[in-house]
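[1] got a predicted model here, sequence first, then my questions.
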Amino acid sequence: MLLNDLNQLPVADAKHMFMQCCTASTWVNNMVAARPFANTPAIKKAADDAWLGLTEQDYFEAFEGHPKIGDVSSLRAKYANTKELAGNEQGLVKEANDAVLDVLAQGNTDYQAKFGFIFIVCATGKSAKQMSDLLQARLPNNRAQELVNAAEEQRKIFQLRITKAFGK
């Protein structure tokens, strides 16, 4: 999509476009209100600015837009909303062996039980083993630190999706 097209989209269509990048409705509304954008760096800065100051509930809404890492059935269901830009973010997971997937699945369960939200990581280019190792490394964190980590990973994800949609 061209940036000029985004700037001229009706509100509902612009919301759909931004929802492909992040499913937090406050963030989406902030992005729609920030239009028009002069260039891709401007939209990327606006995206970061819109992310600042969101509430924990906003973060949770964004996290809910993601499948659990390595959960194939969750991938299919959750990517239905974001498939235009998120399509192959966990592509390397399908190459993992069962042992790695089992550790990843258990780690996801442990993570969600401890923190109350799913494990969020910018998965592009990472193998299932790398993501499992990251998950295990983050499990000892306290909830406050992990919320910061997850929010930063979400920020990386929407920045990557903006780059996919509009270039660098």
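    Cool, got the structure. A quick note: this is a predicted structure, and the numbers were derived from the prediction, not measured.

[2] and the residue nearest to residue 24 when sequence neighbours are not counted, what element?
    Nearest residue to residue 24 in three dimensions, chain neighbours excluded: residue 62, at 3.9 Å (Cβ to Cβ, 6 or more residues apart in numbering). For every residue, glycine as well, the C-beta is placed using N, CA and C. Assessed by DSSP states H and E, residue 62 sits inside helix 56-63.

[3] for residue 144, same thing?
    Going by DSSP H and E, residue 144 is in helix 143-166.

[4] and the angle from the helix holding residue 62 to helix 143-166?
    With axes from the mean of the first three to the mean of the last three Cα atoms, to 10 degrees defining the directions, helix 56-63 sits at 50 degrees from helix 143-166.

[5] offset the numbering so it begins at 15, please.
    Shifting the count to begin at 15 puts that one at helix 70-77.

[6] identify the residues contacting helix 70-77?
    Here helix 70-77 makes contact (Cβ atoms under 8 Å, 6 or more residues apart in numbering) with 36-41, 131-132, 134, 161, 164-165, 168.

[7] wait, which of these is closest to residue 25?
    Nearest to residue 25 out of those is residue 39 (Cβ to Cβ; 12.9 Å).

[8] check what pLDDT the residue nearest to that closest one when sequence neighbours are not counted gets.
    Using Cβ to Cβ, 6+ apart and skipping the chain neighbours, the partner closest in space to residue 39 is residue 75 (6.3 Å). On pLDDT, residue 75 comes in at 97.

[9] just residue 98 next, same as before
    Looking at residue 98, its pLDDT reads 49.

[10] got any ranges where this structure has weak pLDDT?
    84-110 (pLDDT under 70).

[11] the helices in it, which residues?
    All helices of the chain, identified by DSSP state H, fall at 17-22, 25-33, 39-48, 54-65, 70-77, 86-100, 112-129, 142-152, 157-180.

[12] format those as a markdown table; extra columns: mean neighbour count.
    Shown next, in a markdown table, are the helices of the chain (neighbours: other Cβ atoms under 10 Å):
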| stretch | mean neighbour count |
| --- | --- |
| helix 17-22 | 14 |
| helix 25-33 | 17 |
| helix 39-48 | 18 |
| helix 54-65 | 17 |
| helix 70-77 | 17 |
| helix 86-100 | 15 |
| helix 112-129 | 16 |
| helix 142-152 | 18 |
| helix 157-180 | 18 |
